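*Asks:* 3D, please:
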Amino acid sequence: MFQRSSSMAQVSTRLIETLDLIENRVELLRQQAIEVEKEKECLIGLIETVASHKDLKFVSEGEKEEIQISADRLMARCLTVEVRVSTPRNASQQEALSEVDQYIEEELLNRVKADLCGSKAVCEAFLNACVSEPKGPVDLRFQSKIIECAAEDQKKIRKRLESLFRTIEHTQNNVSQ
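*Replies:* You can find the predicted model right below:
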């Protein structure tokens, strides 16, 4: 019969403690990378807002061109930052995520330019499918797929839809002015 010596137990304990510390650092790294991803998205949104701001109609053509050149330069620099945090998912979660992305692409993004009001309603129904207490109609097909996604993906999709909803509202406000 095999018996562990006390020194073997100490080594094992020390290695497990080291792995626990490494796990904490890995989780911190993932959180920091996610924050960098969010900051990049925020900066891209700000650049897009400035580049299409309604007050640009009050500046000269030369100033508009200068603003556009600066916005393009900043956008290009921002897009050089690539951070990716992968979400572990099984085959059914991967398939559900693909279907959710397809719904967003086909039912929402392809519709925005042709029907801003309709796309806002679709976006709202998709958003309501992502929350536990919806504030309006829910797209049940979308909801059935979002539920099958990994929890991390569900959060990202909700944030993406919230951003799209704000963009649609902003666009509607600019068009109506």
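
*Asks:* Kindly tell me how buried residue 133 is, as a neighbour count.
*Replies:* Using other CB atoms under 10 Å, residue 133 has 5 other residues around it. Bear in mind the C-beta positions are built from the backbone N, C-alpha and C, glycine included.

*Asks:* Next, give phi and psi for it.
*Replies:* phi -120, psi 90 (degrees, to the nearest 10).

*Asks:* Distance-wise, check it relative to residue 127.
*Replies:* Distance from residue 133 to residue 127, counting by CB to CB, to the nearest Å: 12 Å.

*Asks:* now do residue 108
*Replies:* The gap separating residue 108 from residue 127 is 10 Å, by CB to CB.

*Asks:* now do residue 74
*Replies:* Relative to residue 127, and taking CB to CB, residue 74 is found at 29 Å.

*Asks:* okay, these two: which has more neighbours?
*Replies:* residue 127 (22 against 16).

*Asks:* wait, residue 142 sits on residue 129?
*Replies:* Yes. Counting by CB atoms under 8 Å, residue 142 touches residue 129, with 4.7 Å between them.

*Asks:* so how far is stretch 77-85 from its chain's centroid?
*Replies:* Its chain's average C-alpha position is 13 Å from that of stretch 77-85, according to CA atoms, centre = their mean, to the nearest Å.

*Asks:* same question, stretch 153-164
*Replies:* 5 Å.

*Asks:* How about stretch 43-58?
*Replies:* Using CA atoms, centre = their mean, the offset of stretch 43-58 from its chain centre is 21 Å.

*Asks:* what about it, start to end distance?
*Replies:* 24 Å (CA to CA, to the nearest Å).

*Asks:* how about low-confidence regions in this structure?
*Replies:* 1-5, 175-177 (pLDDT under 70).

*Asks:* Could you pull out the helices in the chain for me?
*Replies:* Taking DSSP state H as the test, the helices found in the chain are 6-51, 61-79, 91-103, 116-129, 140-148, 151-176.
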